[in-house]
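Asks: Need the 3D shape of this:
(chains A and B)
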Amino acid sequence: MAGRSKQPGKFAGVASEGAIQIRNVSKVYDPEGINVLAVDNCSIDIAPGEFCVIVGPSGCGKTTLLNAIAGFHNITQGEILLDGKAICTPTYTAPPGSERIVVFQNGALFPWSTILDNVAFGPVVQGTATAREANEAAQELLAELGLPDIADRYPNELSSGMRRRVEIARALINDPKVLLLDEPFRAMDALTKGVAQEFLLQAYDRIRKTVFFITHDLEEALFLADRILVMTTRPGRIKCSLNVDFPRPRTFHMRASKHYLELKAEIFTAVREEATKAFVAGERELA
Amino acid sequence: MSSLTERFLLMVFTVSGEQEAKEARKERQAESKVGAFSMLLFRLRQTVTQPRTYVGLLGVVSMLLLWYALTELLNIPRFNKLPGPVAVWKEFTSRTPIYGISIYTPDYYMHIFWSVWRVAQAFFWATILGVPLGLFMGWRKVFRDYTFPILEIIRPIPVLAWVPIAILMFTGIASREAPIIFLTFLASFYATVLNTMLGVESIDEVYFRAARCLGAKPRHIFFRIVLPGALPFIFTGLQIGVGVGWFSLVAAEMLSGEYGLGFLIWDSYVLVQFQVIIIAMITLGIIGYLFSAAIRMVGNMLMRWTTRESV
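Replies: Here you go, the predicted model:
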C-alpha cells in the first residue's frame, strides 16, 4: 500500500502490493570465528510490480540478500520491509511464506511428485483450496502458460527448460506479492535460456508482480529488467543503478536495437570493473 | 542486416519451443499405447535374448558340477561326508523321502510356514517402529541428538548376545515364539532405522526451503517431503533388514523352537540327516531371494519417479 502512493501510475495500477525496501542492510557471516562481511550497508527500493535485476561478481552477497527477503536467515544490521511491514531485522525474521516465493538456482521441483501435484502443492498446503480445486486450478494455469499434456509426468521426465517453466508456474499459482529468482536459468544452453526468458516475460506481463532476479548474465539482465542494480565485490554494496526503458511486452527484437547496445556497453563497463577487482582479490570468475 | 538476425532468432526460438512440446506429446502417446501385456512380453524377450541370462545360468551349472565333483564323483576327504547334489535332489523330489522331508511332505511346508510367519511378524514390527523412528531422527536434529548415541551403543551388540535377555523378558507370554520373533525383529530394526535416517538426511535442503516458501506446515513437510524423499533409502533399509532378519531367525530357531527351517537344519544335524540340511539351506536361499524381490517390487511401485526417468 505504501508503494502505491510512491509510484503513482507507473504500472497502471496493476500491482499495488509487493514494495520491497531494503534499508542499510548489512550481514556478517561468522564461520569459525572469522567475521566475513557479506553485505555492507546496502539499500534498495523496489516498487510494486517492478522487475529488478541484481548483477555482481561471485560472492558479492546477492544470494544473501535474496535469502534474507525470503526469510531463510536474519541480517546483522538494517531492516527489510515488505509493503511497509518489517520482514527481516537483526532480531526478527518472518518465516518463509507464500507471499515471497523463491525459484531456486538448481531447481526445486519435488522429484517424487507429478507436475500437477507440484503445481497444486501451494494451495493445498495453505488450505486455500481443496485438493480437487487446486488440481483444477493447476491444470488451468499449466494450459494458460502453454504447458498442457505434462500434468501427470514426473520432473525427471522433462527437459530442464520445461522444469523451470513448471517451477515458475508453481510459484505463480499462489499469487505471491514478490517473486524471488536466484539465477534460475544459469545451467541452460543458450537456446533453452532464450525460450525460458520469453516465458518468464510473458508470465510477468500477465501478472505484474514484483520480481527480484539475480543473475550474472548481463544480456539476460538487459532483456528482462526494468532496472538493473550492479553490486560491488565483497562486501556487497550497490554500485550503480541502470534503468532499462524498453517498452513491454518485450521480444527478442530489442536485442538488435542500437539503444540496447548502448545500454549493454554501459552495464558491461560497470560490471567489468567489479569483476576485475574480484578477480584480483582472488574470488572466482563473475558468477 | 538486423532484420536478418531477427528472422533467424525468430526461427530458432519458435522451432525449439515447438519441438519440445511435440516430442513430449509423442513420448506420451507411445507410452500409453504400450500395454502391460506387451511390456511383459518385451521384458521376457529381453531376458531370453540377453547373454547375461546364459552367463548367469552357466555359473550356477558350474557350481553344481563342482559340488558334484567334490562329493559324489571324486569323493575327496573332508568333502565325502557331505551329501552330493544327486543324493539331495533324489531326496528332495522323492514321494517317500528317507528322512521325511521332500516337496511332497506336509512337514516341509510346515517348517517353511513357521519361518516365514516369524520373519513376517518381525519385519512388520521393524517397519512399523523403525521407519517412523528413523524419519524423526533424520528430520528433527534435537531428537536425533537424544536417540542416536543410544542406538549406536546398542547396535553393535550381536543379536545372539540378546538370547538370554529375550528368553527372560518373554517368559510367560507365548514363551516359545516371542523370543525368536524379538531377536529377528532386533536385527531388522537397526537396518531399517539407520537407513531411514540416512534417507532423510540425503534430502536436499532446497526442497525443505521450497516447501516452506509454498506455505507448508510441519505435517505437510513430514508427509510430502520427508517421507517420499527418504523412500529410496527406506526400501534399501527394508531389504537389508529382511536379509539380516533371516540370519537371526535361523540362529534363534536353532536355539529354541520345534518348527522352522533353522530348527530343521539343527535337528537334521543332530539326527545325522545331512541331505535335509542342504534342502533347508537351499530353501532358505530361495525364500530369502523372494522376500527381497517382493520388497523391491513394492518399492518400484511406490517410487515411480525413479523408474520413469527419460532424460
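
Asks: Chain neighbours aside, what residue packs nearest to residue 95?
Replies: Let's take chain A. A:G71 (5.4 Å; CB to CB, 6 or more residues apart in numbering or on different chains). All C-beta spots, glycine's among them, are computed from the backbone N, C-alpha and C.

Asks: I was after chain B.
Replies: That would be B:Y104: by CB to CB, 6+ apart, it lies 5.0 Å from B:R95.

Asks: Spell out which residues of the stretch 1-150 of chain A are next to chain B.
Replies: By CB under 8 Å from any CB of the partner chain, the residues of the stretch 1-150 of chain A that approach chain B are A:70-72, A:95-98, A:100-102, A:104, A:106, A:108, A:110-113, A:121-122, A:125-126, A:146, A:149-150.

Asks: same thing but at 7 Å, please
Replies: A:70, A:72, A:95-98, A:101-102, A:104, A:106, A:108, A:110-112, A:121-122, A:125-126, A:149-150 (CB under 7 Å from any CB of the partner chain).

Asks: Let me see the residues that make contact with stretch B:197-212.
Replies: Stretch B:197-212 has contacts (CB atoms under 7 Å, 6 or more residues apart in numbering or on different chains) with A:72, A:95-96, A:102, A:104, A:106, A:108, A:110, B:134-135, B:137-139, B:220-221, B:224-226, B:229-230, B:232-234.

Asks: sorry, that was for stretch A:88-95
Replies: A:68-69, A:71, A:73-77, A:79-80, A:86-87, B:212.

Asks: Let's see that with 10 Å instead.
Replies: A:22-23, A:25-27, A:65, A:67-82, A:85-87, A:100, B:212-213, B:215 (CB atoms under 10 Å, 6 or more residues apart in numbering or on different chains).

Asks: Narrow those to those in helices?
Replies: Using DSSP state H, the members of the contacts of stretch A:88-95 that fall in helices are A:L65, A:N67, A:A68, A:I69, A:A70, B:R212, B:C213.

Asks: In this structure the fourth one contacts A:I20, no?
Replies: Read that as A:I69. Yes - if you go by CB atoms under 10 Å, A:I69 and A:I20 touch, sitting 6.5 Å apart.

Asks: Could you export the host helix or strand of A:A120 as CSV, CA atoms only?
Replies: If you go by DSSP states H and E, A:A120 is part of helix A:115-126. C-alpha atoms of helix A:115-126 as CSV (Å, rounded to 0.1, in the frame of the first residue of the first chain):
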residue,chain,number,x,y,z
ILE,A,115,3.9,-32.0,-12.3
LEU,A,116,0.3,-31.5,-11.3
ASP,A,117,1.0,-32.3,-7.6
ASN,A,118,3.9,-29.9,-7.7
VAL,A,119,1.9,-27.0,-9.1
ALA,A,120,-1.0,-27.7,-6.8
PHE,A,121,1.2,-28.0,-3.7
GLY,A,122,0.9,-24.4,-2.5
PRO,A,123,-2.9,-24.0,-2.5
VAL,A,124,-3.3,-27.5,-0.9
VAL,A,125,-0.9,-27.0,2.0
GLN,A,126,-2.0,-23.4,2.6
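
Asks: What's the first helix or strand after that helix?
Replies: Next along from helix A:115-126, by DSSP H and E: helix A:131-144.

Asks: Report the residue spans of the stretch 101-250 of chain A with pLDDT below the cut-off.
Replies: By pLDDT under 70, the stretch 101-250 of chain A has no low-scoring segment.

Asks: which residues in it form strands?
Replies: Taking DSSP state E, counting those that start in this stretch as the test, the strands found in the stretch 101-250 of chain A are A:178-182, A:210-214, A:227-231, A:238-243.
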